[in-house]
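Novice: structure for the following, please:
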Amino acid sequence: MALRAAPLLETARLTLRPFEAGDVDAQAAMMADPHVVRHLGGHPFEREEAWRKLVAGNGMWALFGYGYWAVVRREDRAMIGQIGFADFKRAMIPAIEGLPEMGWVLAAEAGGRGFASEAASAALAWIDDALDPPEIVAVIDSANQASIRVAEKAGFAERETARYKNEPILLFRRKR
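Specialist: Model prediction:
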């Protein structure tokens, strides 16, 4: 796949842009918040772990032609989260390797305002137009009702229980 950088996407209230090195503080603060990570393994991330996630989000673009964006609030240019697609090579049952897996994380103070749905709509419109994948998946903790609502609103209609790291998890599917 050709090298590609994350394209710039804009919505009414958000800009989805490539991560920048200067995003590390916002990323580290978000990923250190126990409220934010309670459905992402449950433990706050160290700054180094948060940095690696940021770098990986950008690196996916070169490997797959898709990856993660920084979600930036247009009114004050604050980075409030991340959204995008990845192939994490998860050892899951059923297997999802090779499928774009959509994910999103927002800072606690950005929750409940529709930002995740707004960003998801823009990201899905982009991937549908640019790559037209036949299926996109999302892996969501069954207790994460906010993310389940975002997935359903974004058109992830099929839901099944899967196994990841020997634990049950919800697997959502969005087919074209």
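Novice: show me where the chain has strands.
Specialist: 9-10, 14-17, 68-73, 78-86, 92-93, 101-106, 135-140, 158-164, 167-175 (DSSP state E).
Novice: single out the most deeply packed of those.
Specialist: Highest mean neighbour count among the strands of the chain (mean count of other Cβ atoms under 10 Å): strand 68-73, with a mean of 25. (C-beta placed from N, C-alpha, C; glycine too.)
Novice: what packs against it?
Specialist: Judged by 3 or more Cβ pairs under 8 Å, 6 or more residues apart in numbering; DSSP states H and E, strand 68-73 is in contact with strand 14-17, helix 47-64, strand 78-86, strand 101-106, helix 115-130.
Novice: so which of the ones you listed is nearest residue 24?
Specialist: helix 47-64 (5.4 Å; Cβ to Cβ).
Novice: can you give me the neighbour number for residue 94?
Specialist: 9 (other Cβ atoms under 10 Å).
Novice: ok, now residue 117?
Specialist: For residue 117, the tally of surrounding residues (other Cβ under 10 Å) stands at 16.
Novice: what about it, distance to residue 4?
Specialist: Taking Cβ to Cβ, to the nearest Å as the measure, residue 117 falls 25 Å from residue 4.
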